[in-house]
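>>> quick one, what's the 3D model for this:
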Amino acid sequence: MSTFFTTVIYPKHKYSMIYRYMVQQKRTSPNPKHGRPVNPSTWISGPIEWKRDCHYAYHKHKAQARYRKEDYNITLEEWMDLWTEDNWFRRGRSSDSICLIRTDDELPWSPDNVHLGTRRESLQKTTISRWGKCNGRI
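Numbering: from 1, shown residues only. The predicted model follows:
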């Protein structure tokens, strides 16, 4: 195991600094780009990678709804039923990609109020609700 020296600065007071040298150990891992090796058997969602991505996307989506102060009544199981493997790989940023859309924006996120649709459909719906018309260029 190799060691290296680094300088750590501790402010004593407002106008002076004390420099100390500390010995630190380098982190060694099988892959230098990552800190820890990947172990799918320890994942909460199981060893299937797309289900793991779906699991974390659910938590991100729920957190985003909470940030926007929207009610969110979809469970992880209901989320996984909506996003099948075929639909999951059709997600993306293009206008023909699939996303989760609320049917009525006044109601909370719930399985009865959401459906999978294209991003084009979502943007048209947003444009109509915001501006009252859609110019057809989306």
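
>>> going by C-alpha atoms from here, please, whenever you check contacts or count neighbours.
Will do.

>>> may I have the predicted confidence score for Val114?
Val114 is assigned 96 on the pLDDT scale.

>>> report the beta-bridge partners for it.
Beta-bridge partners for Val114, by DSSP bridges, are Arg102.

>>> quick one: low-confidence parts of the protein?
Along the chain, the parts satisfying pLDDT under 70 run over 1-37, 133-138.

>>> please enumerate the strands of it.
Secondary structure of the chain by DSSP state E: the strands cover 3-13, 16-25, 98-102, 114-118.

>>> how about the residue nearest to Asp71 when sequence neighbours are not counted, what does it touch?
Distances taken as C-alpha to C-alpha, 6 or more residues apart in numbering put Pro108 closest to Asp71, at 4.8 Å, once the chain neighbours are dropped. Listed by C-alpha atoms under 8 Å, 6 or more residues apart in numbering, the contact partners of Pro108 are Glu70, Asp71, Tyr72, Asn73.

>>> and Pro108, what are its phi and psi?
Backbone torsions of Pro108, given as degrees, to the nearest 10, read phi -70, psi 170.

>>> any idea how far it is from Arg68?
12 Å (C-alpha to C-alpha, to the nearest Å).

>>> report the angle between the longest helix anywhere in the chain and strand 98-102.
Secondary structure of the chain read by DSSP state H shows that its longest helix is helix 49-67. Inter-element angle recorded for helix 49-67 and strand 98-102: 30 degrees (by axes from the mean of the first three to the mean of the last three C-alpha atoms, to 10 degrees).

>>> helices or strands up against helix 49-67?
helix 76-82, helix 85-88 (3 or more C-alpha pairs under 8 Å, 6 or more residues apart in numbering; DSSP states H and E).
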